[in-house]
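Peer 1: Predicted model and sequence follow; I will ask about them next.
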Amino acid sequence: MADAGETIERAVLKRLPTPPGRRHLSAQTGLREVMAQFATGVTVLTAGGESGHGMTANAFSSVSLEPPMVLCCVSRAARMHAAITEAGSYAVNILAADQQDLSKYFADWRRPAGMAQFDSVGWTPGAKTGAPLLTGALAWLECELAEAYEGGDHSIFLGRVVTSSRGTGDNSLVFYGGGYHEVDGRARAA
């Protein structure tokens with residue numbers, strides 16, 4: 001693990017071997033097809049502590065500016081659910097356009113468990129939560145868990161933002177239509 005303020009630089013792992021069993025996805029293909037028409041930013045949620053974990057997520061939103069709050073939605077069956085619950089906090093890493101491989105890595109359930117999954121990526125421990133803040137992200141938010149609500153097979157984690165910062169990048173990674181896209185932050189719609 002990195003010391004506070006120390007950044008660990010490592011290359012993102014390449015494709016991991018496929019285990020004999022396959023994970024089953026929702027039978028709600030109609031809903032998946034509809035939701036694919038909604039463009040979203042791409043984040044990696046992280047939690048520190050003994051059950052440290054990271055997970056790619058696009059179910060993330062700003063909730064309030066005063067007090068500063070955000071939410072993320074996590075499947076109750078996901079390892080990330082237990083990690084956030086046990087830590088009582090989480091970080092949101094808003095990915096830059098050149099971080100598609102990082103998004104895919106943290107979406108791959110075959111990666112190592114616990115803090116070992118961060119051995120192959122650059123990160124710094126968050127000053128307030130200890131959650132990994134990924135190198136090169138567009139922005140970072142550290143959140144204390146304020147509330148957890150049931151939402152079907154997911155929990156809605158409401159986080160009170162305790163610190164936030166912005167990186168130097170301009171281009172955002174977006175997921176739309178089942179694929180990754182880049183948004184140039186310098187371009188404005190007419």
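Peer 2: Yep, it's here.
Peer 1: Would you map the strands across the protein?
Peer 2: 40-41, 43-47, 53-57, 60-65, 68-75, 89-94, 123-125, 132-134, 139-151, 154-166, 171-176, 179-184 (DSSP state E).
Peer 1: Please report the number of neighbouring residues for the closest residue to Met115 other than its chain neighbours.
Peer 2: Leaving aside its chain neighbours, Met115 sits nearest to Gly52 (4.2 Å; criterion: C-beta to C-beta, 6 or more residues apart in numbering). Just so you know, the C-beta spots here come from the backbone N, C-alpha and C atoms, and that holds for glycine as well. Counted with other C-beta atoms under 10 Å, the neighbours of Gly52 add up to 22.
Peer 1: Next: Phe38.
Peer 2: So Phe38, with other C-beta under 10 Å, has 10 neighbours.
Peer 1: Kindly state the pLDDT recorded for it?
Peer 2: On the pLDDT scale, Phe38 is placed at 90.
Peer 1: Then the one 10 residues further on?
Peer 2: In the predicted model, Gly48 carries a pLDDT score of 95.
Peer 1: Same check on Arg15?
Peer 2: pLDDT recorded at Arg15 is 40.
Peer 1: shaky segments in this protein?
Peer 2: Counting by pLDDT under 70, the chain has low-confidence residues at 1-28, 189-190.
Peer 1: residue nearest the centroid of it?
Peer 2: Closest residue to the average C-alpha location of the chain: Val44 at 1.6 Å, with C-alpha atoms, centre = their mean.
Peer 1: Show me what that one bridges to in the sheet.
Peer 2: Thr56, Asn93 (DSSP bridges).
Peer 1: I'd like to know how far Val42 sits from Tyr180.
Peer 2: Distance from Val42 to Tyr180, counting by C-beta to C-beta, to the nearest Å: 7 Å.
Peer 1: Over to Ser155?
Peer 2: 26 Å.
Peer 1: before we move on, back to that, spit out the contact partners of the residue nearest to the centre of the chain.
Peer 2: With contact taken as C-beta atoms under 8 Å, 6 or more residues apart in numbering, Val44 is in contact with 54-57, 92-93, 95, 102-103, 106, 134, 137.
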